[in-house]
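> Predicted model follows, preceded by the sequence.
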Amino acid sequence: MTLPPFLVDRGCWAAAACGALLPLSFEPFGLFWLAPFLVAGLFLLWDRQSPRAAAGRGFAFGLAAFIAGTYWLYISIYEFGGAPIWLAVILTAAVAVAMGLFFAGAGWCAARFAASSLPLNVFLIWPAAWLLFEWLRGWVLTGFPWLSLGYGQIDGPLAVWAPLAGVYGVSLVTAVTAGCVVALFHTAGAYRQRAFAVLGALALATGLLYLPAWTQTEGEAQQVALVQGSISQDRKWLPRQRLPTLELYRELTVSAADARLVVWPEVAVPAMQHMVQPYLEDLAALVRSRDQQLLLGILSFDFDREQYYNSLLAIGPDAGVYHKRHLVPFGEFFPVPSFVRRWMRMMSLPYQDAARGARDQAPLRSHGTELSPSICYEDAFGAEQRDFLPRAGMLVNVSNDAWFGDSIAPHQHLQIARMRALETGRPMLRATNTGITALINYRGEIVAAAPQFETTVVTGLVQPRAGATPFVRFGNAPVIALSLAVLGVAWLVSRGRA
């Protein structure tokens, strides 16, 4: 039997080794400096290859990166989702394969549109191909932007590009840096001098980006309290656990008497809203008596449509509600035929779709400050956060990373939340069930954080901010247009050469 070419290509195995190491550049490992070298390794493996061979090596890189970097999907599907082990393995592998196809597309473009000059490839064409397919991965089939290259740079010097061009701009600069690594170690003479020139220009531009203050303070600072209940996922929905959970969150809120804004995690209340109405009314009376604003995660039910929402309910002087807009495939909605849905029901697996919240929802408020809300991994979609900006003075994310146990996922998710704060020049209030609950300032720095798996309250003084970073004004359009322009010119040149 003849094996597929990518299984016998040593370059594919080398690309897979580079991809498997890529998660080390993200949290909790934090080796941000490693990413340019690993991408440089992939670029070298693309050099002078056919489009098919380069696609195979790109696929191997992406497959290995997502097997190593998102293995925690198996934990959520099998250990907490209750799926059979074989189904959990298949779904986890399917995500890695699907993500690998985007890297294959980048490799194909890199070889198909390659110039005869290596510097043109590593400085322009290949970073543009990388960026384009990373962006496509963030929205095609609802998107899965995890492990976008820029997130790993949140603690590195290149992070300052985020307010200007967003996480994809950081990814692009990181890929160009990888190209410089290739040119420095794989060329000589004039080519190496060009690499030094490009690196010098990047260093100068990066240094200058430390100077602008894209946003400014507005209004009074607010004392906030982020409640981390630390209810394990396997106990959360047990009927006997409901009353202790409700009492715990109330007690933790009572203890935060000085806070003007209190935030609970995603679905902190383990019941539908209409089932705990007396409890919510008691909470409303409590926070109004103290002039507090309370945001709590809960499931709400629309009796007219017979649909439920994953919601963030605002109780206090500024009442309101936000319904989650970007749902999780196979977690909150199931794009499967009806017979598969019936089988899921018989297997006691989740099978009912949640409803999507409207795109144009009103922002939540706290004592005159508008808030930009997001639930769970909605904060991974930076362009969607712009819907509430620049009016909103603070970002709020509620999540439940208990689904992923003691894995690397909560640490990666915290990096994503930090990037949203840096992109928008806004503080981020992040409340999670089991961690990592954190106060993040407008520079993406962690001001205070809770230990994982501990019941606690994170408190701090948060200053709302006004103004718009270039990313808030223009979104991802500039970097995507730049990448498309580079690839378009490369395509025209390749046609002329042919």
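Noted; the coordinates are in hand.
> switch to C-alpha atoms for all contacts and neighbour counts from now on
Fine.
> what pLDDT does residue 473 get?
Residue 473 is assigned a predicted lDDT (pLDDT) of 96.
> tell me which element it falls in.
Per DSSP states H and E: residue 473 is located in helix 470-474.
> buried ones in that helix?
470, 471, 472, 474 (16 or more other Cα atoms under 10 Å).
> Following the chain onward from it, which element is next?
helix 477-497.
> That following helix packs against which elements?
Counting contacts by 3 or more Cα pairs under 8 Å, 6 or more residues apart in numbering; DSSP states H and E, helix 477-497 packs against helix 126-137, helix 162-186.
> So which of these is nearest residue 18?
helix 162-186 (12.9 Å; Cα to Cα).
> quick check, distance from the closest one to the centre of its chain.
Mean C-alpha position of helix 162-186 versus that of the full chain (Cα atoms, centre = their mean, to the nearest Å) differs by 19 Å.
> if we can go back for a sec, how about the helices and strands packed on helix 477-497 in CSV, adding mean pLDDT and distance to residue 322?
Formatted as CSV, the helices and strands packed on helix 477-497 follow (pLDDT from 0 to 100; distance: least, Cα to Cα, whole Å):
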stretch, mean pLDDT, distance to residue 322
helix 126-137, 97, 26
helix 162-186, 94, 25
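> any chance of those in CSV, plus distance to residue 494?
Below are the helices and strands packed on helix 477-497 laid out as CSV (distance: least, Cα to Cα, whole Å):
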stretch, distance to residue 494
helix 126-137, 14
helix 162-186, 20
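> got a list of what the closest residue to residue 292 other than its chain neighbours touches?
Leaving out its chain neighbours, the residue that sits closest to residue 292 by Cα to Cα, 6 or more residues apart in numbering is residue 260, at 4.6 Å. Residue 260 makes contacts with 222, 223, 224, 291, 292, 293, 367, as judged by Cα atoms under 8 Å, 6 or more residues apart in numbering.
> now residue 260: how far from residue 120?
Taking Cα to Cα, to the nearest Å as the measure, residue 260 falls 55 Å from residue 120.
> cool, and residue 195?
For residue 195 relative to residue 120 (Cα to Cα), the value is 11 Å.
> and what of residue 51?
Distance, residue 51 to residue 120, using Cα to Cα: 17 Å.
> So between the two, which is more surrounded?
Shown here are residue 51 and residue 120; by other Cα atoms under 10 Å, residue 51 has more neighbours (21 against 14).
> so that one sits right up against residue 105, yeah?
No - at 9.3 Å, residue 51 does not count as touching residue 105 under the criterion of Cα atoms under 8 Å.
> For the stretch 101-250 of the chain, which segments are assigned as helices?
Secondary structure of the stretch 101-250 of the chain (DSSP state H, counting those that start in this stretch): helices located at 118-120, 126-137, 162-186, 190-208, 233-236, 239-255.
> pull the helix or strand with minimum mean pLDDT from this protein.
Least confident helix or strand of the chain, by mean pLDDT, DSSP states H and E, is helix 338-346 with a mean of 59.
> For the stretch 251-400 of the chain, which segments are assigned as strands?
With DSSP state E, counting those that start in this stretch as the criterion, the stretch 251-400 of the chain has strands at 261-263, 293-302, 307-315, 320-323, 364-366, 369-375, 394-399.
> coming back round to it: can I get the contacts of residue 260 in TSV with pLDDT?
Formatted as TSV, those follow (pLDDT from 0 to 100):
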residue	pLDDT
222	96
223	97
224	97
291	93
292	95
293	96
367	93
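> which one of the residues you listed sits closest to residue 452?
For those, the nearest to residue 452 is residue 224 (19.4 Å; Cα to Cα).
> for the closest one, what are its contacts?
259, 260, 261, 262, 263, 459, 460, 461, 462.
> Residue 420 too?
379, 382, 428, 444.
> which stretches of this structure aren't confidently modelled?
1-7, 188, 330-353, 497-498 (pLDDT under 70).
> Show me it divided up by domain.
Here the domain assignment for the chain is 5-213+476-497, 217-468, based on automatic domain parsing.
> wait, is residue 435 part of a helix?
No - per DSSP: H, G, I helix; E, B strand; the rest coil, residue 435 lies outside any helix segment and is coil.
> Return the backbone torsion pair for it.
Here is the backbone geometry of residue 435 (degrees, to the nearest 10): phi 110, psi 150.
> you'd agree it is up against residue 457?
No - using Cα under 8 Å, residue 435 is not in contact with residue 457; the gap is 11.0 Å.
> which of these two has more neighbours?
For residue 435 versus residue 457, neighbours defined as other Cα under 10 Å are more numerous around residue 435 (28 against 23).
> quick one: secondary structure of the residue nearest to that one when sequence neighbours are not counted?
Sequence neighbours aside, residue 452 is the residue nearest to residue 435 in space, at 4.6 Å (criterion: Cα to Cα, 6+ apart). Under three-state DSSP, residue 452 falls in the coil class.
> Contacts only, for residue 452.
Neighbours of residue 452 in contact, by Cα under 8 Å, 6+ apart: 434, 435, 436, 437.
> and the gap between it and residue 398?
Taken as Cα to Cα, the span from residue 452 to residue 398 is 15 Å.
> same check, this time on residue 421
14 Å.
> more neighbours, these two?
residue 398 (30 against 25).
> Just confirm that one contacts residue 298, I think it does.
No - counting by Cα under 8 Å, residue 398 stays clear of residue 298, with 10.6 Å between them.
> between those two, what contacts are shared?
Taking Cα under 8 Å, 6+ apart as the criterion, residue 398 and residue 298 both touch residue 266.
> Residue 487 against residue 125, yeah?
Yes - Residue 487 is within contact range of residue 125, at 6.2 Å (criterion: Cα under 8 Å).
> what do these two both touch?
residue 113.
> what about those two, which has more around it?
Using other Cα under 10 Å, the more surrounded residue of residue 487 and residue 125 is residue 125, with 29 against 23.
> What distance do you get for the residue nearest to residue 144 when sequence neighbours are not counted to residue 132?
Of all residues not flanking residue 144 in the chain, residue 138 sits nearest, at 5.1 Å (Cα to Cα, 6+ apart). Counting by Cα to Cα, the gap from residue 138 to residue 132 is 10 Å.
> what separates residue 293 from residue 127, distance-wise?
On the measure of Cα to Cα, residue 293 and residue 127 end up 46 Å apart.
> In contact with the nearest residue to residue 69 once chain neighbours are set aside, which residues are there?
Nearest residue to residue 69, sequence neighbours excluded (Cα to Cα, 6+ apart): residue 23, at 5.2 Å. Residue 23 is in contact with 65, 68, 69, 147, counting by Cα under 8 Å, 6+ apart.
> just residue 159 next, same as before
Here residue 159 is in contact with 150, 153, 170 (criterion: Cα under 8 Å, 6+ apart).
> hang on, the last one packs against residue 162?
Spelled out, it's residue 170. Yes - Residue 170 is within contact range of residue 162, at 6.0 Å (criterion: Cα under 8 Å).
> quick one, which of these two is more surrounded?
Each of residue 170 and residue 162 has its neighbours counted (other Cα under 10 Å); residue 162 has more, 30 against 27.
> what residues are up against the more buried one?
Residue 162 touches 169, 170, 419, 422, 423, 471, counting by Cα under 8 Å, 6+ apart.
> again, only this time at 10 Å
150-151, 153-154, 168-171, 209, 419-425, 443-444, 469-471 (Cα atoms under 10 Å, 6 or more residues apart in numbering).
> can you give me phi and psi for residue 87?
Phi and psi for residue 87, reported as degrees, to the nearest 10, are phi -70, psi -40.
> Tell me how far it lies from residue 73.
For residue 87, the distance to residue 73 - Cα to Cα - is 12 Å.
> Which neighbours do those two have in common?
residue 93.
> Look up which residues are beta-bridged to the residue nearest to residue 264 when sequence neighbours are not counted.
Once flanking residues are discounted, residue 264 sits nearest to residue 296: 4.6 Å by Cα to Cα, 6+ apart. In this entry, residue 296 is beta-bridged to residue 313, by DSSP bridges.
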